[in-house]
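Undergrad: Here is a sequence with its predicted model. Questions after.
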Amino acid sequence: MPPTPDPGANTPGATDPARIRNFCIIAHIDHGKSTLADRMLQLTEVVDPRQMRAQYLDRMDIERERGITIKSQAVRMPWTIREGDRAGETAVLNMIDTPGHVDFTYEVSRSLAACEGAILLVDAAQGIEAQTLANLYLALENDLHIIPVLNKIDLPAAQPDKFAEELAHLIGGQPEDCIRVSGKTGEGVPHLLDEIVRQFVPPVGVADAPARAMIFDSVYDVYRGVVTYIRVIDGKIEARERIKMMSTGAVHELLEIGVISPEMVKGGALGVGEVGYLITGVKDVRQSRVGDTVTISSRPATEPLGGYKDPKPMVYSGLYPIDGSDYPALRDALDKLKLNDAALAYEPETSAALGFGFRCGFLGLLHLEIIAERLEREFNLDLISTAPNVVYRVVTEEGDEVTVTNPSEYPTRKIAEVYEPVVRATVLTPNDYVGAVMELCQGRRGSLLGMDYLSADRVELRYTLPLAEIIFDFFDQLKSRTKGYASLDYEPSGEQRSDLVKVDILLHGEPVDAFSAIVHKDKAYNYGTTIAAKLQKLIPRQQFEVPIQAAIGSRVIARETIRAIRKDVLSKCYGGDITRKRKLLEKQKEGKKRMKMVGRVEVPQEAFIAALSTSDGGDGGKGGGKK
Ligand SMILES: Nc1nc2c(ncn2[C@@H]2O[C@H](COP(=O)(O)OP(=O)(O)OP(=O)(O)O)[C@@H](O)[C@H]2O)c(=O)[nH]1
């Protein structure tokens, strides 16, 4: 019979910091983080069993469907220790859910900074993966105490003994320190909750100092405006005060403050160590940025908390509506999405091939896919996206510096140097596939930084790779070359000078902007021939001969030709059947509407779409990578 919890222990604003435990769960994708979180909600009785649904915390439909967590959330759960000498002691657990994907590393790091402890969750049938490691390193950088946990012990394929050894080897300590649970059946979870209270330290802060709270997430809600998630470090934030964002100095009226348990519960204040939400009535998450420090405007703190970074797009792509009349709808949809996504950047652009659209900046490829999917699904837009590219820094011979986010902005003047972003990638693979992984990384211009054996059959490889080489199909290639066993994680690591060139594709002498690409010199030929050959197949013959050329500046590196025909739609209409003739002419006119003119050449839009949408269409490096 568990002791009755102490009700005073759970009053927001008045919770003794010594009772608080702020923690997060870090795990590789699919290792069961959401399922374990669900079980904790159930055991701490913050969710009515009748309202329990799978992945309670993943609110967005796409998140639930794809089974990935995009936005972090925080839940307050009272818990009374059940076993051992401290049984009966009540604590307030704040579980901060972290996004699991590499594109959101900065959000993960902010969520971790709001915690004192982390549960390192590992699937007992899979073992340690690249994201387990990457997140563990981030947690250690933030000085978090780690509790190693093996999940899915109910699975027949689980090998908890083997992986407990591996985990102990990785983080130090004994294999017995690993807690074994099943998020599915609930086995071991009450013990884990007890251990959270025992092992994690309570937050420390100065109660009477000017208030400082860190924003670790902010989401846009249609009814309430921006909801900002904060962790109070020092002082107290009380309802009805005016708050100040320290990065911008902007002051906002505080309309509501409270905790999430697991729905919003309005309160009077949040004190040292507490985690909760703020509502100020701002309508745009960019005014409430992750990593920023919130203080009280009447008694502001002087020093913000460290670690604030502006979100910076890493990958750019053009988004165009297939039907040109959808352009205003696309603009409205992007405006709406931006309210909830401070990292999304876009500006209008025009393409001769694709018409009016937007150049959009994303944190990474998954971010791009999620936005494109939301635009199609939630806003019913049919879109075509151009091959993604990274941001280049180009220095001309005159010494000017140009930032290129779109190949069409590549300077035509003489170029002295080009710099491209690079990442530090960690690949974890079984021993048998080390050769295949190395071959792939070398083909993508990678340089090996180091290699470690985590256990007899699991190897960690660290590479520096150009970001441009991994944003296309690197992950797919890695998976297929290792039968799905390898995992990947990466983080930005500055830039490097490279031998890059811009390849243009010309149709009858006119460049087609949608196909221009910045590629490595050694891969330019491959890119040129691939695209030229593809367009040659896709573009119908015209009344004159059409050369398709790939060129670097004025130097042609590849050529294909579309031979001429004389297309006479009326040739089949012998006799004077005027209605039939008119019908055919009408039909031809219809067809023309979807044609784009590139110089004198008529190209069906489908040809552009087909050439862009196949995976090797945009990846100049792919062929090169296979050599
Ligand atoms: N057998 C078994 N399956 C589990 C257990 N925990 C999770 N799963 C299953 O593993 C899959 C992934 O679980 P999630 O909880 O969605 O994983 P996650 O780590 O939250 O995934 P992301 O949010 O994408 O990182 C789901 O199909 C779960 O049903 C467990 O303890 N036992």
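TA: Here it is on my side, so go on.
Undergrad: Buried ones in stretch 526-540, by neighbour count?
TA: By neighbour count on 16 or more other Cβ atoms under 10 Å, the buried set for stretch 526-540 is Asn526, Tyr527, Gly528, Thr529, Thr530, Ile531, Ala532, Lys534, Leu535, Gln536, Leu538, Ile539. Every residue, glycine included, has its C-beta placed from N, CA and C.
Undergrad: neighbouring contacts of it?
TA: 503, 505, 507, 515, 517, 519, 546, 548-551, 557-562, 601, 603-604, 606-607, 610-611, 614, 616-617, 620, 623-624 (Cβ atoms under 8 Å, 6 or more residues apart in numbering).
Undergrad: got the domain boundaries for the protein?
TA: In the domain annotation for the chain, the residue ranges read 17-199, 212-296, 315-386, 393-498, 499-565, 568-597 (the TED database).
Undergrad: which one of the ones you listed lies closest to Pro304?
TA: Judged by Cβ to Cβ, the one of the domains of the chain that comes nearest to Pro304 is domain 212-296, at 3.9 Å.
Undergrad: now the closest one, how far from the chain's geometric center?
TA: Offset of domain 212-296 from its chain centre (Cα atoms, centre = their mean, to the nearest Å): 24 Å.
Undergrad: Looking at the buried residues of stretch 526-540, spot the one nearest Ser493.
TA: Distances from Ser493 to the buried residues of stretch 526-540, taken by Cβ to Cβ, are shortest for Tyr527, at 25.2 Å.
Undergrad: got a list of what Gly307 touches?
TA: Ser109, Arg110, Ala113, Met214, Gly291.
Undergrad: In the residues you listed, which residue is surrounded by the most others?
TA: Within the contacts of Gly307, Arg110 tops the neighbour count with 27 neighbours, counted by other Cβ atoms under 10 Å.
Undergrad: surely Leu41 meets Asp48?
TA: No - look at Leu41 against Asp48 with Cβ atoms under 8 Å: they stay out of range, at 10.1 Å.
Undergrad: More neighbours: these two, which one.
TA: Neighbour count, other Cβ under 10 Å: between Leu41 and Asp48, Leu41 has more, with 19 against 8.
Undergrad: what about that one, distance to Glu195?
TA: Going from Leu41 to Glu195 by Cβ to Cβ, to the nearest Å gives 18 Å.
Undergrad: mind checking the SS state of the residue of the stretch 301-450 of the chain found nearest the ligand?
TA: Among the residues of the stretch 301-450 of the chain, Leu366 lies closest to the ligand, at 11.1 Å counting by Cβ to the nearest ligand atom. With DSSP: H, G, I helix; E, B strand; the rest coil as the basis, Leu366 sits in helix.
Undergrad: And for Glu107?
TA: helix.
Undergrad: tell me the mean pLDDT for the lengthiest strand in the chain?
TA: In the chain, taking DSSP state E as the definition, the longest strand is strand 415-430. Mean pLDDT, strand 415-430: 92.
Undergrad: Kindly report the same for stretch 268-277.
TA: Rounded mean pLDDT across stretch 268-277 is 94.
Undergrad: Same question for stretch 33-53.
TA: For stretch 33-53, the per-residue pLDDT averages 81.
Undergrad: for stretch 196-207, same thing?
TA: 95.
Undergrad: buried sites along that stretch?
TA: Buried-residue list, stretch 196-207, by 16+ other Cβ under 10 Å: Ile196, Val197, Arg198, Gln199, Phe200, Pro202, Pro203, Gly205.
Undergrad: Other residues contacting it?
TA: Contacts of stretch 196-207 (Cβ under 8 Å, 6+ apart): 17-23, 79, 81, 84, 86, 89, 91, 93, 116-117, 119, 145, 147, 232-236, 271-273.
Undergrad: mind checking how far it is from the chain centre?
TA: Distance, centroid of stretch 196-207 to centroid of chain: 31 Å (Cα atoms, centre = their mean).
Undergrad: With stretch 306-325 instead?
TA: The answer for stretch 306-325 is 11 Å, by Cα atoms, centre = their mean.
Undergrad: try stretch 410-429
TA: The answer for stretch 410-429 is 20 Å, by Cα atoms, centre = their mean.
Undergrad: Likewise for stretch 366-374?
TA: From the chain centre to the centre of stretch 366-374 is a distance of 9 Å (Cα atoms, centre = their mean).
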